[in-house]
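Engineer: Based on what follows, work out the 3D shape:
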Amino acid sequence: MAVNGNPTVRRRRLGAELRRLRLARGLTSAQVAEHLLISQPKVSHLENGRRAISPRDVRDLCGLYDVTDQQVVDSLMELATESNRQGWWVACGEVPHGLYIGLETAAASVRSYDPLVIPGLLQSPAYAAAVIAETIPLAAEEQMAVRLGVRLGRQARAHHPARPFRLWVVLDESALRRVVGNREIMREQLVHLNRLGEQPHITVQVLPHSAGAHPGICGQFSILDLQDTATGTVYLERFTSDLYLEKRSDVLHYRTMFDDLRSRALSPEHSRTFITRAAQGLPDTAALSGRP
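Structural biologist: All right, here's what the predicted structure looks like:
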């Protein structure tokens, strides 16, 4: 059973296989929960890859599903063992959005729309530090340092010279105009953004205010395509509980939204010119603070 080495992907692949076996047996998740003496939501979490499962539980489920091929049972148990290994980001400490990071690390492509800030994969170190410091109330320095380290670590995968994933970002003009940190940090970020946008696997487009109302007006979203899945996953970042949409109709809806935003946005070439002019037109720090 060839599976991506990423533990998050392995867990999701295992969950999908267990769900297929359950449905083939004609059992509901509630019946499985009763058999294992666990809650029905836990069964759902196991099947969608959001919760670890032990090899012993896999063996018990295979028995419940009448899986008689021992090679299949052993393969699924091995997958459970491997899926419980920690991703690189776990070693950094308590990290939010761990499921997303696992999916992003294994992605073949990421398409993202952001209305307010430059996405984490395209942030300069100084801009990233400022975003983290200014958007997390009462965060301890150690917590901010962990988040910054993980964010920069994510970029290593996106910018890998030999095997980067395809990254396509549509940015609202507001993300360019919002001064994060200070003028110098913001100017450096915009220059950094243009430099990254020149790489063949990265496309950056700006959606100007003149585009008016558009499908992305409700907020940020990302579409992640994995090599071993056909539909993809839509990620909606929230302050506490993130949302992951995998229903085919939902993913198709967001793909259509992204294509619409992409068609309304400036071309990559015109976007680079727009970003350059935005950097040149940044107000000075004194004007921002109201000081003479």
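
Engineer: Using CSV, list the CA coordinates for the helix or strand hosting Gln143.
Structural biologist: Secondary structure assignment for Gln143, by DSSP states H and E: helix 141-158. Below are the C-alpha coordinates for helix 141-158, written out as CSV (Å, rounded to 0.1, in the frame of the first residue of the first chain):
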residue,chain,number,x,y,z
GLU,A,141,7.2,35.4,23.9
GLU,A,142,7.9,31.7,23.9
GLN,A,143,4.6,31.0,22.2
MET,A,144,5.2,33.6,19.6
ALA,A,145,8.7,32.2,19.0
VAL,A,146,7.3,28.7,18.4
ARG,A,147,4.7,30.0,16.0
LEU,A,148,7.3,32.0,14.1
GLY,A,149,9.6,29.0,13.8
VAL,A,150,6.8,26.8,12.5
ARG,A,151,5.7,29.4,10.0
LEU,A,152,9.2,29.7,8.6
GLY,A,153,9.6,25.9,8.6
ARG,A,154,6.5,25.6,6.4
GLN,A,155,8.1,27.9,3.9
ALA,A,156,11.0,25.5,3.4
ARG,A,157,8.5,23.0,1.8
ALA,A,158,6.9,25.7,-0.4
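
Engineer: Downstream of it, the next helix or strand is which one?
Structural biologist: Once the chain leaves helix 141-158, the next helix or strand it forms, by DSSP H and E, is strand 166-172.

Engineer: what does that next one rub up against?
Structural biologist: 108-116, 118-119, 121-122, 158, 201-207, 216, 258, 261-262, 265 (C-beta atoms under 8 Å, 6 or more residues apart in numbering). No exception for glycine: its C-beta is placed from N, CA and C like everyone else's.

Engineer: and these, which are buried?
Structural biologist: Neighbour counting over these (16 or more other C-beta atoms under 10 Å) leaves 110-115, 118-119, 121-122, 158, 202-207, 216, 258, 261-262, 265 as the buried ones.

Engineer: In helices only, show me those.
Structural biologist: Ala158, Phe258, Leu261, Arg262 (DSSP state H).

Engineer: buried stuff in the helix holding Gln143?
Structural biologist: Gln143, Val146, Arg147, Leu148, Val150, Arg151, Gly153, Arg154, Gln155, Arg157, Ala158.
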